[in-house]
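Novice: 3D, please:
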Amino acid sequence: MSLRELLGHPHTAALGWALMHSMWQLALVAGLLASVNVLLRSAQARYLAASGALVLMIAMPVATFLMVREAVSAPALAALPAVRAAAFVAEEESPAPEAWTIQATAVSSTGTAPRRAGGGPMPPLAALHLREGLAATLPALVLLWATGVGLLSVRVLGGWWVAQRLKRSGHPVSLDSWHDAAERLCRRMRIRLPVRLCESALVDVPTVIGWLRPIVLLPASTLVGLSPAQLEALLAHELAHVRRFDYLVNLAQTFGETLLFYHPAVWWASHRMRVEREHCCDDVAVAVCGDAVGYARALAELEELRAVAPTLAVAASGGSLGRRVARLVGGPPPHLSRSSRWVAGLFALATLTALGLSAGAYVEGATPSRQTEPAAARLVLADYGVTKEYVRCLAELGYDDLSEGKLIALRSNGVSAAYVGELKELGYERLSVSRLIMLRSHGVTPGYVEGLREQGYENLSPLSLVALRSHGVTPGYIEGLKDLGYEGLSVRLLIGLRSQGVDPSFIEGLQDECYESLTPGELVLLRQSGVTPHYVRRLKASGYEDLTTAQLVALRQSGVDPKEEEGEHKPCPEEERHSGEEEQ
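Specialist: Numbers count the residues shown, from 1 in each chain. Below is the predicted model:
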């Protein structure tokens, strides 16, 4: 598949809409997180809130993609030619209970059906023009997103390579006292994973790598510059990362950052996760060691040794060490600062305003008024051929309060006033706009309906008419069956015979070979098995006469194919092939 075909695929459009909707969705989640953070006191609660927000940020675009993809992939017998106009049409009656219910589906240029869930019409043309403009940018948007994901994936692979390099550079710590301290802390913290202590010259601060068999890398400078109590507190901090499986969580976090790299809200929520993660581990270290001031001094010493850790590693220097130290010695938490409260308040106000405007727009759009719609929407009617005469004629036929969108949809799909009037004379009154468009787009003309009535099929529902027409059941086809003795067939039988290729020429050929009064089921079975009149003729020429339909089917399915005798007439393709469409 070429790049052009890939970008034109319906799933690409669904992905583009998911990315576009994620702009406001992720901003909404970030606003809720900022508002909730002001109310939460513990670091663990704020960490869980940030984690839940990041999971929700990843899930919302995925859910949007699945919903849009389902709408794109929804089966429809036909797509209306006037795509832009038909987007305004809303279904006005409940779907029929038949399994083969056929609906006229209005699709946009991306394949999705922009319908209001409440059944009301969509906003006027300005909204549709905006949607079309956005749809045109979807392939480029998806291409840019894929490029960004590729580049960020290279960054992640680079971080993984650095982490593996650090892992290989570690050598077991030679001091037994450190192993004893680690075992003692693991017992107190109930860590059952095999934790290894290693010394590395490539790290400047204690760092954890891995989660199944985690390694705690200790720099030589730290071992020399800090007291045993301070080092034990820092070791407790790293073991807290191991107990919380922070390395695995960090992998998932990096995956979300890679997919949603384009949105600042994702990076902010991810940053909050890392900050609160370090606060949680600080609380565990203080609870285990019992000396908050000593641990704060150890963090202050780390500030001088600080270096940038690889993306996939979890280091003791994560977050702002200055703020962590201030928090440990009793300073005000950063999430309760005045600026944080102002940001949270603004986010909450923006969120409530957006929800209020959306609800107001929905209520206003649910009860549209022709007087309140913009004049530009009415001026564009002439571009689609909707004249005053056309509107007047429809009003005389009972369609006197149609919106601009429905008028455009009717006119663009060839539903003329004369067409509606002729259907009305045939008994089809007050059909919904969607039903009229469905009938017209499938070629159900008044002449076709009259032809069916002449063959004895009266008072058929619009769905039955569309089903017959879409399967090629014409009045001529029905008349040909009646001439061969097949009268009074139901709509389902007619559709079944026609769809399986059972036409009058096939039946007549079998009757010429003395196979008369076959049931519709037998005709379908013979046709599906490849038993043609010519095949029966060749069997008779080989001495196989008076065979039952079951025997004919068995012979054909077994591969019995008698050779043609010399001089025997061989049917031309016109005699054997599926007959074409009969004239109405």
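
Novice: For the rest of this, base every contact and every neighbour count on C-alpha atoms.
Specialist: Noted.

Novice: Quickly list the domain ranges of this structure.
Specialist: Using automatic domain parsing, the domain parsing of the chain gives 169-322, 471-584.

Novice: Save those domains as a markdown table, and put in mean pLDDT and distance to residue 18 too.
Specialist: Shown next, in a markdown table, are these (pLDDT from 0 to 100; distance: least, Cα to Cα, whole Å):
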| stretch | mean pLDDT | distance to residue 18 |
| --- | --- | --- |
| domain 169-322 | 79 | 11 |
| domain 471-584 | 81 | 37 |
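
Novice: how close does residue 40 get to residue 189?
Specialist: Taken as Cα to Cα, to the nearest Å, the spacing of residue 40 relative to residue 189 amounts to 25 Å.

Novice: re the thing from before, can you add distance to residue 142 and give the domains of the chain back as TSV?
Specialist: TSV is the format used below for those (distance: least, Cα to Cα, whole Å):
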stretch	distance to residue 142
domain 169-322	12
domain 471-584	39
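
Novice: out of those domains, which comes closest to residue 68?
Specialist: Residue 68 lies closest, by Cα to Cα, to one member of these: domain 169-322, at 18.5 Å.

Novice: How many residues are close by residue 562?
Specialist: One way to gauge burial is a neighbour count; for residue 562, by other Cα atoms under 10 Å, it gives 15.

Novice: contacting residues around residue 19?
Specialist: Contact criterion Cα atoms under 8 Å, 6 or more residues apart in numbering gives 61, 142 as the residues in contact with residue 19.

Novice: For it, what is the enclosing helix or strand?
Specialist: In the assignment (DSSP states H and E), residue 19 maps to helix 10-39.

Novice: immediately after that helix, which helix or strand?
Specialist: helix 43-73.

Novice: Let me know the angle separating that next one from helix 10-39.
Specialist: Angle of helix 43-73 versus helix 10-39, following axes from the mean of the first three to the mean of the last three Cα atoms, to 10 degrees, is 160 degrees.

Novice: Enumerate the positions of helix 43-73 that are buried.
Specialist: Within helix 43-73, the residues that count as buried by 16 or more other Cα atoms under 10 Å are 43-47, 49-54, 57-58, 60-62, 64-66, 68-69, 71-72.

Novice: so what does that helix touch, helix or strand wise?
Specialist: Contact partners of helix 43-73 among helices and strands, from 3 or more Cα pairs under 8 Å, 6 or more residues apart in numbering; DSSP states H and E: helix 10-39, helix 246-259, helix 264-289.

Novice: Could you export those helices as CSV, including distance to residue 212?
Specialist: Compiled in CSV, the helices and strands packed on helix 43-73 are given as follows (distance: least, Cα to Cα, whole Å):
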stretch, distance to residue 212
helix 10-39, 31
helix 246-259, 9
helix 264-289, 19
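
Novice: Nearest to residue 211, out of these?
Specialist: Between residue 211 and those, the tightest spacing by Cα to Cα is seen for helix 246-259, at 6.0 Å.

Novice: what's the distance between that closest one and the middle of its chain?
Specialist: Going by Cα atoms, centre = their mean, to the nearest Å, the spacing between the C-alpha centre of helix 246-259 and its chain's C-alpha centre is 23 Å.

Novice: can you check stretch 411-426 too?
Specialist: Worked out by Cα atoms, centre = their mean, stretch 411-426 lies 37 Å from the chain centre.

Novice: Averaged pLDDT, it. What do you get?
Specialist: Mean pLDDT, stretch 411-426: 89.

Novice: For residue 560, see how far away the nearest residue to residue 64 once chain neighbours are set aside is.
Specialist: Taking Cα to Cα, 6 or more residues apart in numbering as the measure, residue 64 lies nearest to residue 18, with 5.3 Å between them; neighbours along the chain are not counted. Shown here: residue 18 relative to residue 560, a distance of 57 Å by Cα to Cα.

Novice: neighbour-wise, which of these two wins?
Specialist: Comparing residue 18 with residue 560 by other Cα under 10 Å, the one with more neighbours is residue 18, at 24 against 12.

Novice: so where's the stretch 51-200 of the chain uncertain?
Specialist: 71-129, 132 (pLDDT under 70).
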